[in-house]
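# please find the sequence and the predicted model below.
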There are 2 protein chains.
Amino acid sequence: MPLPRRVVIALGGNAMTGPDGSATPGAQRDAIAVAAGHVAEVVATGVQVVLTHGNGPQVGNLLVKNELAAHVVPPVPLDWNVAQTQATIGFTIADELDAGLAARGLSQRTAALITRTLVDAGDPGFGAPTKPVGRFLPREAAQRFIDLGQVWEDRGERGWRRVVASPEPLSVVDVPAISALASAGFVVVCAGGGGVPVVDDGRGSGALRGIEAVIDKDLTAALLARELSADTLVIATDVPNVMVDFGTPTQRPLGTVTAAQLREHAAAGQFASGSMGPKVDAALRFVDGGNSPGGGRRAVITSLEHISDAVSGDDVGTVLRR
Amino acid sequence: MPLPRRVVIALGGNAMTGPDGSATPGAQRDAIAVAAGHVAEVVATGVQVVLTHGNGPQVGNLLVKNELAAHVVPPVPLDWNVAQTQATIGFTIADELDAGLAARGLSQRTAALITRTLVDAGDPGFGAPTKPVGRFLPREAAQRFIDLGQVWEDRGERGWRRVVASPEPLSVVDVPAISALASAGFVVVCAGGGGVPVVDDGRGSGALRGIEAVIDKDLTAALLARELSADTLVIATDVPNVMVDFGTPTQRPLGTVTAAQLREHAAAGQFASGSMGPKVDAALRFVDGGNSPGGGRRAVITSLEHISDAVSGDDVGTVLRR
């Protein structure tokens, strides 16, 4: 098959944290160094690579800092925290990936762009937030943040936990800059954590303003891939294939599937809403979303180790074609 | 005079904090909205604009959060904090400047790039750190961080304070990406806080790694302007002109000066090392630094309100020409 022209790779949390989920700076760097090697292999195949990534544990850490220092320094809103994780993960990927590219004799280098994603201020998520973030607190400790306007929920014996909106991504605001960098030969790291959520500020001028929310990073990756006219979307996770009947005697991995088959499995509740569900949804959105230049679109869900093979052919992972 | 082709503008702390120095998110946004209007006026003159900015109060806030949450979540190194401030300031500038550009009917938009600045791991600053950061703590509280390898100094009755290296910037690693974005028509926000300090990791491969330090943002601005072949460097601060004999009966503002005159004033101790000194040093480094395409280089130190006039002519600010 001909090599794709432009590829979007979405790195999962396992590419940015230690084997035990640890998000210390050292564990993050070590994990990123491994991921960078796999990404460099993709770049070596000659395609343009645009990278995006998750940020769950990293945002969690920042929320704890906000909370514990709130009596001394002003907490920053969640959109600022998302931006902060784009920066720390972004420059660490840039350091490690530049090294990986140089080690392979490749001339490309990495650019990490702070990226905003437009959402609708009227998204139902803002009225009824459902996405849990940060750590559990006793009711009394949570009250202080409820008084600041945050929404917290009683989660039983573990305590109370903050919930925020997870609105639909409508547009990746910085796509023109991402495209300019990719066209100029850079591997672009962008839209981390789904992008910094922004809304029209309502003053009628089209001006944007950050808003407290977290956007699903896989759904943003699908949107980003469409807006960049990418041919291939690779969603890297910690398993080589999407599974059906998981944990039962009929458990089996999905290889090449049609959108209709994948939708049927999803409708049957095969995919967990917090993990494989959004990845499957993202793959479907990308492949179904209109025409792409130069042929059909392809989405692959597979493990980090297989991303280079996933870009080059249909032999690994769960592959969805238009 | 012909308009300059490419201009680097360094925004001072007053462009990112409230009138009282407040660095709450709201105060930062309000200040940035004002600064963005002035920057949009510069863009309207038809030049390519590359923006950089300080981050002192913002890094200070992050260090307090690191400190107060250290018993729950791992503190991140100072280079990560610098990156975090690039992100929050960067996307806020992008939101406000995009609005300012749109309001003026300009087609350019803003791109905020996470930017690394190379320093020498052998810089004398690492052996004898001198730059104070973060808040004062009692000796007992500081000890815990001294035990982690940080350097803290007894600053008398206010307590102990951390000191870090402020190494010489050698190269802005991400200049090729900055240049690509500027050439593609973007106003680029980059190298905030002097850039994320990185060093060669010593493994012989040229790989980079973040290091705990803060780089003077004006010195990085001068380096950035040279590496981008900019014609003009504007250092925006809170006074319209550099003053000599400040606070004495012979106090007077400097207008157009020669490098020799400015060096003489500097040698006479006219400029405070923590404030105007680095700005004067940056102006001299930029203007003296080799040939620029299309004629001589020009550096202007002036207040934020005057940056557009400073780009267009020699009528405002302290102007240094080659």
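Received it, and whenever you're ready, just let me know what you need.
# which residues sit against stretch A:105-113?
A:40, A:43-44, A:86-87, A:90-91, A:93-94, A:97-98, A:101, A:174, A:177-178, A:181, A:185-190, B:111-114, B:174, B:176-177, B:180 (C-beta atoms under 8 Å, 6 or more residues apart in numbering or on different chains). Placement of C-beta: from N, CA and C, glycine included.
# give me the element the closest residue in space to residue A:163 that isn't next to it in sequence is part of.
The shortest distance from residue A:163 to any non-neighbouring residue, by C-beta to C-beta, 6 or more residues apart in numbering or on different chains, is to residue A:129 (4.5 Å). Assigned by DSSP states H and E, residue A:129 falls within no helix or strand.
# C-terminal to the one helix or strand residue A:222 maps to, what's the next element?
Element membership of residue A:222 [criterion: DSSP H and E] is helix A:217-227. As assigned by DSSP H and E, the chain's next helix or strand after helix A:217-227 is strand A:232-237.
# centre of the chain to the helix or strand that comes right after that next one, how far?
Downstream of strand A:232-237, the first helix or strand assigned by DSSP H and E is strand A:243-244. Chain-centre distance of strand A:243-244: 22 Å, with C-alpha atoms, centre = their mean, to the nearest Å.
# neighbouring contacts of strand A:243-244?
With contact meaning C-beta under 8 Å, 6+ apart, strand A:243-244 is reached by A:251, A:252, A:253, A:254, A:265, A:270, A:276.
# same question for stretch A:14-27.
A:13, A:28, A:30-32, A:34-35, A:53-55, A:57-58, A:60-61, A:89, A:236-238, A:304, B:74, B:76-77, B:80.
# excluding chain neighbours, what is closest to residue A:74?
The shortest distance from residue A:74 to any residue other than its chain neighbours is 4.3 Å, reached at residue B:24 (C-beta to C-beta, 6+ apart).
# quick one on the thing from earlier: just the C-alphas of the helix holding residue A:222, formatted as PDB.
C-alpha atoms of helix A:217-227 as PDB (Å, rounded to 0.1, in the frame of the first residue of the first chain):
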ATOM      1  CA  LYS A 217      -8.200  13.500  24.000                       C
ATOM      2  CA  ASP A 218      -9.200  10.800  21.600                       C
ATOM      3  CA  LEU A 219     -12.200  12.800  20.300                       C
ATOM      4  CA  THR A 220      -9.900  15.800  19.800                       C
ATOM      5  CA  ALA A 221      -7.400  13.600  18.000                       C
ATOM      6  CA  ALA A 222     -10.100  12.500  15.600                       C
ATOM      7  CA  LEU A 223     -11.100  16.100  14.900                       C
ATOM      8  CA  LEU A 224      -7.500  17.200  14.600                       C
ATOM      9  CA  ALA A 225      -6.800  14.400  12.100                       C
ATOM     10  CA  ARG A 226      -9.800  15.500  10.000                       C
ATOM     11  CA  GLU A 227      -9.000  19.100  10.200                       C
END
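# and it, what's buried?
A:217, A:218, A:219, A:220, A:221, A:222, A:223, A:224, A:225, A:226, A:227 (16 or more other C-beta atoms under 10 Å in any protein chain shown).
# do I have it right that the last one meets residue A:172?
To tie it back to what came earlier, the one meant is residue A:227. Yes: because the distance of 5.6 Å satisfies C-beta atoms under 8 Å, residue A:227 is recorded as touching residue A:172.
# strands along the stretch 201-322 of chain A, start to end?
With DSSP state E, counting those that start in this stretch as the definition, the stretch 201-322 of chain A shows strands at residue ranges A:208-210, A:232-237, A:243-244, A:252-253, A:256-257, A:298-303, A:318-321.
# out of those, deepest packed?
Most buried of the strands of the stretch 201-322 of chain A, by mean neighbour count (mean count of other C-beta atoms under 10 Å in any protein chain shown): strand A:232-237, with a mean of 28.
# what angle sits between that strand and helix A:217-227?
Orientation check (axes from the mean of the first three to the mean of the last three C-alpha atoms, to 10 degrees): strand A:232-237 against helix A:217-227 gives 170 degrees.
# quick check: neighbours of strand A:232-237 in the sheet, parallel or antiparallel?
When sheet partners are counted by DSSP bridges, strand A:232-237 sits next to strand A:6-11 (parallel), strand A:298-303 (parallel).
# do you know which of the ones you listed lies nearest residue B:213?
Proximity to residue B:213, assessed across the strands paired with strand A:232-237 by C-beta to C-beta, is greatest for strand A:6-11 (28.2 Å).
# look at residue A:111 and give its secondary structure.
Put simply, residue A:111 is strand when judged by DSSP: H, G, I helix; E, B strand; the rest coil.
# excluding chain neighbours, what is closest to it?
That would be residue B:177: by C-beta to C-beta, 6+ apart, it lies 3.7 Å from residue A:111.
# ok, now residue A:58?
Nearest non-adjacent residue to residue A:58, counting by C-beta to C-beta, 6+ apart: residue A:85, 4.2 Å away.
# so the helix or strand containing that neighbour versus helix B:78-103, what angle?
Using DSSP H and E, residue A:85 maps to helix A:78-103. Helix A:78-103 runs at 110 degrees relative to helix B:78-103, counting by the same axes, to 10 degrees.
# how about the residues of the stretch 1-150 of chain A near chain B?
A:23-25, A:61, A:64-69, A:72-74, A:76-77, A:80, A:83-84, A:86-88, A:90-92, A:94-96, A:98-99, A:102-103, A:109, A:111-114, A:116 (C-beta under 8 Å from any C-beta of the partner chain).
# among those, name the buried ones.
A:23-25, A:61, A:64-69, A:73, A:76-77, A:80, A:83-84, A:86-88, A:90-92, A:94-96, A:98-99, A:102, A:109, A:111-114, A:116.
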